[in-house]
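Asks: No letters, just coordinates:
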């Protein structure tokens, strides 16, 4: 049973560049959420995608955008990278379609982004 | 912003001892979940407790929830070196169709062999 798969695992980008991170949800899950975790902090919610639409968004600027594909996989795009965007980016999948909000998430191993 | 505050920030114990970490949160919740994170990698879901539950057990884990005090605790009994990790509480907000999680600041647990 494949869990959540994220790629790449590590990435180094230069300030001002753009980056795309990818996530494949756990089999049977239909919702993908993205979180940013700075060093020494808890994860911060970026946004959530369900039925190919952004359903909810955290306090992140428009430089952060996403997409969900018909197969439920998702991408996180960050434009005009800043040094402060350096973090571990986590993707989490869940099953919202049942309407039960009490399912736990399944997290991927994350993508470590370093902006230099 | 992070809603949860965890206490202590760091905890060091000997193998075989019990470890207790606490979490406080600010708003009404639907559920509270605990996650483990090893070496800054992915989060592993440990246990979920609903707002109408007061205590839940899973193996060596015991979670309590006090919604009147907006607090929760995670007890790990008979700890092992493999339990060394960061532990985060996360709340699922009450209401709404999404299950966005709001994480606490985490407790770093070190279990000495």
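Replies: Ah, there it is. Source: prediction; values computed, not measured. Numbers count the residues shown, from 1 in each chain, chains lettered A, B, ... in the order given.
Asks: What's the first helix or strand after the helix or strand of chain B with the lowest mean pLDDT?
Replies: Sorting the helices and strands of chain B by mean pLDDT, DSSP states H and E puts strand B:5-7 at the bottom, at a mean of 86. Counting by DSSP states H and E, the element after strand B:5-7 in chain order, helix or strand, is strand B:10-14.
Asks: and the one helix or strand residue B:20 maps to, average pLDDT?
Replies: Assigned by DSSP H and E, residue B:20 belongs to strand B:19-24. Per-region confidence: strand B:19-24 scores 96 on mean pLDDT.
Asks: After that strand, which helix or strand is next? Please name it.
Replies: Moving toward the C-terminus from strand B:19-24, the next helix or strand (DSSP H and E) is strand B:29-37.
Asks: Strand partners (parallel or antiparallel) of the helix or strand following that next one?
Replies: Using DSSP H and E, the helix or strand that follows strand B:29-37 towards the C-terminus is strand B:43-50. In the sheet, strand B:43-50 lines up against strand B:29-37 (antiparallel) (DSSP bridges).
Asks: could you check the angle strand B:19-24 makes with the partner strand?
Replies: Angle of strand B:29-37 versus strand B:19-24, following axes from the mean of the first three to the mean of the last three Cα atoms, to 10 degrees, is 140 degrees.
Asks: State the mean pLDDT of strand B:29-37.
Replies: Strand B:29-37 comes out at a mean pLDDT of 90.
Asks: what does that strand contact?
Replies: Strand B:29-37 is touched from outside by A:101-102, A:104-105, A:107, B:23, B:25, B:43-51, B:61, B:63, B:65, B:67, B:72, B:74, B:85-95, B:99, B:101, B:103, B:106, with contacts defined as Cβ atoms under 8 Å, 6 or more residues apart in numbering or on different chains. All C-beta spots, glycine's among them, are computed from the backbone N, C-alpha and C.
Asks: Just the buried ones from those residues?
Replies: Burial by neighbour count, 16 or more other Cβ atoms under 10 Å in any protein chain shown: within these this picks out A:101, A:104-105, A:107, B:23, B:25, B:43, B:45-49, B:61, B:63, B:65, B:72, B:74, B:85-93, B:99, B:101, B:103, B:106.
Asks: what is the residue nearest in space to the middle of chain A paired to in the beta sheet?
Replies: Nearest to the geometric centre of chain A sits residue A:34, at 2.8 Å (Cα atoms, centre = their mean). Beta-bridge partners recorded for residue A:34 (DSSP bridges): residue A:47, residue A:91.
Asks: Pretty sure it sits against residue A:74.
Replies: Yes. Taking Cβ atoms under 8 Å as the definition, residue A:34 is a contact partner of residue A:74 at 7.4 Å.
Asks: pLDDT score for residue B:44?
Replies: Residue B:44 carries a pLDDT value of 91.
Asks: Skipping its backbone neighbours, what lies nearest it in space?
Replies: If the residues on either side of it in the chain are set aside, residue B:44 comes closest to residue B:36, at 4.8 Å by Cβ to Cβ, 6 or more residues apart in numbering or on different chains.
Asks: what's the neighbour count on that neighbour?
Replies: For residue B:36, the neighbour count with other Cβ atoms under 10 Å in any protein chain shown is 19.
Asks: Chain B contacts on chain A?
Replies: Within reach of chain B by Cβ under 8 Å from any Cβ of the partner chain, chain A has these residues: A:4, A:31, A:33, A:35, A:37, A:39, A:41-45, A:48, A:50, A:55-56, A:58-59, A:88, A:90, A:92, A:94, A:96, A:99, A:101-110, A:112.
Asks: Quick one: distance of stretch A:108-116 to the chain centre.
Replies: Distance, stretch centre to chain centre, for stretch A:108-116: 11 Å (Cα atoms, centre = their mean, to the nearest Å).
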